[in-house]
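> Okay, sequence plus prediction incoming.
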Amino acid sequence: MRYIEPHAHMVSRTTDDYERMVLAGCEAVCEPAFWAGFDRSSVAGFHDYFSQLTEHEPKRAAKFGLKHFCWLCINSKEAEDVQLAAEVIALVPEFIERKNVLGIGEIGLNKNSRNELRVLEMQVELAAKYDQLILVHTPHLEDKLKGTRLILDVLKNDKRIRPERVIIDHVEEHTVEMVLDCGMWAGMTLYPETKCTPARAIDILETYGRERIWMNSACDWGISDPLAVPKTALEMKKRGHLATTIDDVIFQNPKKFLQQSANFKLT
Amino acid sequence: MTRQQVLDLYFLDARHKLIELAAFLDRIERAEGKDDFRLKSFRAALTKLDGKKKNKAKAVLLAFSDPTIAPIAKATSKGAVGAFPK
């Protein structure tokens, strides 16, 4: 089995996790910029983080023969401070040409506030200006439905944004259809307690088909499992899915989307 | 998969989760003091499991969701609690 982990926060994980992922068949890992679990005190903290994502973490992955890619942005949890967000967004072009950068992400909303929405629009503008792929975080739990609607409205109203170059992540049963109907890609995050379990993710695949859908572990510093994708592949096998179907979902689909970035190369 | 295969693969897991859910409700009812909107949402979501309507998972998620449309004025917290006060 081979797979691509399209969403993992490896800065929060141990080298043991890298080893286990490679042993399970991981051929590339993609790391969106996200919240550290606490608010950074200044724009300098983001500069260091972007350096970590583009310089240090690829080297750490390479020790296990694993390709490491990343996405850059200010995450929605730190987007209430629009001034700070503007300063961070101004930093991104300094890093955007680096060879492991795939696009702008994970942008999106958290509590669906006006400021978060303003910062989302600023980052969509950045992606459009630099012709970058977009990876979107949708809010948690009770905020997901409303946030997904607001996010889709922003993206659909910007005619420069091509839907096939956008992945809306963390979809569940109540949001997946509206994402796919827009022509965008949908990401299912496999978490033990929130978002999708492996069984529910496969239910969604069986209901909506496997076109423009990927699965990820979104493993980070919280309750999460860096092997969630291969474990879900095993669950698909138990349900009788063919090896080619599993390969489509966990390898070919993320490859198809990510190859829209010239920087995404597996060899 | 056939229904028999689904039952073979998932029945014990679903049974376990249903008992956990029932025990949670027993625990809540044994406890003293006031509850809040989360329990109300929970009970509303439970009603979505009954009957032969399709898309029960979606219906449960919608029962817990914020149905409003306009952005809020300001984010005063970062977390979500899992239910929206209705």
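On my side now, so go ahead. Since this is a predicted model, take the numbers as computed values, not measurements.

> Please make it C-alpha for all contacts and neighbour counts, starting now.
Will do.

> State the pLDDT value of the residue in the stretch 51-200 of chain A that chain B sits nearest to.
Per CA to the nearest CA, A:Glu142 is where the stretch 51-200 of chain A lies closest to chain B, at 4.1 Å. Listed pLDDT for A:Glu142 reads 97.

> just the one 3 residues further on next, same as before
In this prediction, A:Leu145 carries a pLDDT score of 98.

> burial count for it?
The number of residues packed near A:Leu145 is 24, by other CA atoms under 10 Å in any protein chain shown.

> what's the answer for A:Glu78, then?
Count around A:Glu78 with other CA under 10 Å applied: 20.

> Could you check how far the spatially closest residue to it that is not a sequence neighbour is from chain B?
Closest residue to A:Glu78 apart from its sequence neighbours, by CA to CA, 6 or more residues apart in numbering or on different chains: A:Asp39 at 6.5 Å. Per CA to the nearest CA, to the nearest Å, A:Asp39 is found 11 Å from chain B.

> Need the phi and psi values for A:Asp39.
When read as degrees, to the nearest 10, the backbone of A:Asp39 gives phi -80, psi 130.

> quick revisit: doesn't B:Ala80 make contact with the residue of the stretch 51-200 of chain A closest to chain B?
Yes - using CA atoms under 8 Å, A:Glu142 is in contact with B:Ala80, at 6.8 Å.

> higher neighbour count, these two?
Per other CA under 10 Å, whichever of A:Glu142 and B:Ala80 has more neighbours is A:Glu142, with 22 against 15.

> For the more buried one, which non-adjacent residue is spatially closest?
Closest to A:Glu142 by CA to CA, 6+ apart is B:Ser65, at 4.1 Å.

> Look at the one you found and say how many residues are nearby.
22.

> list the contacts for it?
Listed by CA atoms under 8 Å, 6 or more residues apart in numbering or on different chains, the contact set of B:Ser65 reads A:Leu141, A:Glu142, A:Asp143, A:Lys144, A:Leu145, A:Lys146, B:Ala83, B:Phe84.

> So which of those residues sit within strands?
Among the contacts of B:Ser65, no member is found in strands (DSSP state E).

> By neighbour count, which of those wins?
Neighbour max across the contacts of B:Ser65 (other CA under 10 Å) = A:Lys144, 28 neighbours.

> how about the lengthiest strand in chain A, does it reach chain B?
Criterion DSSP E: the longest strand present in chain A is strand A:101-108. No - for a cut-off given as CA under 8 Å from any CA of the partner chain, strand A:101-108 has no contacts with chain B; the smallest distance is 13.0 Å.

> Now do that strand: which elements does it pack against?
With contacts taken as 3 or more CA pairs under 8 Å, 6 or more residues apart in numbering or on different chains; DSSP states H and E, strand A:101-108 sits against strand A:67-72, helix A:114-129, strand A:133-137.

> For it, the averaged confidence score.
98.

> What of stretch A:7-25?
On average, stretch A:7-25 scores 98.

> Using CSV, write out every CA atom in that stretch.
The C-alpha coordinates for stretch A:7-25 follow below in CSV (Å, rounded to 0.1, in the frame of the first residue of the first chain):
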residue,chain,number,x,y,z
HIS,A,7,-2.7,17.2,5.8
ALA,A,8,-0.4,16.6,8.8
HIS,A,9,1.2,19.0,11.3
MET,A,10,4.5,17.3,11.6
VAL,A,11,6.1,20.0,13.6
SER,A,12,4.0,18.7,16.5
ARG,A,13,4.9,15.0,15.9
THR,A,14,7.9,12.9,16.9
THR,A,15,10.4,11.3,14.5
ASP,A,16,8.9,8.0,15.5
ASP,A,17,5.7,9.1,13.8
TYR,A,18,7.7,9.8,10.6
GLU,A,19,9.2,6.3,10.8
ARG,A,20,5.8,4.7,11.3
MET,A,21,4.2,6.6,8.5
VAL,A,22,6.9,5.6,6.1
LEU,A,23,6.7,2.0,7.2
ALA,A,24,2.9,2.2,6.5
GLY,A,25,3.5,3.3,2.9
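
> what does that stretch rub up against?
Contacts of stretch A:7-25 (CA under 8 Å, 6+ apart): A:1-3, A:29-34, A:53, A:57, A:60-61, A:64-66, A:216-221, A:226-227, A:230.

> Same check on stretch A:215-233?
With CA under 8 Å, 6+ apart as the criterion, stretch A:215-233 contacts A:3, A:5-13, A:17, A:20-21, A:24-25, A:37, A:187-193, A:198-199, A:201-202, A:246, A:249-250.

> hmm, what's the outermost residue in chain B?
Centroid-distance maximum for chain B: B:Ala73 at 27.6 Å, with CA atoms, centre = their mean.

> roughly how far apart are that residue and A:Leu258?
The gap separating B:Ala73 from A:Leu258 is 35 Å, by CA to CA, to the nearest Å.

> Likewise for A:Ala218?
From A:Ala218 to A:Leu258 the distance is 16 Å (CA to CA).

> ChimeraX command to pick out the buried ones of the contacts of stretch A:215-233?
Buried residues among the contacts of stretch A:215-233 (16 or more other CA atoms under 10 Å in any protein chain shown), as a ChimeraX selection:
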select /A:3,5,6,7,8,9,10,11,21,24,187,188,189,190,191,198,201,202,246,249,250
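
> Please name the nearest non-neighbouring residue to A:Ser76.
Per CA to CA, 6+ apart, closest to A:Ser76 is A:Leu109, 5.1 Å.
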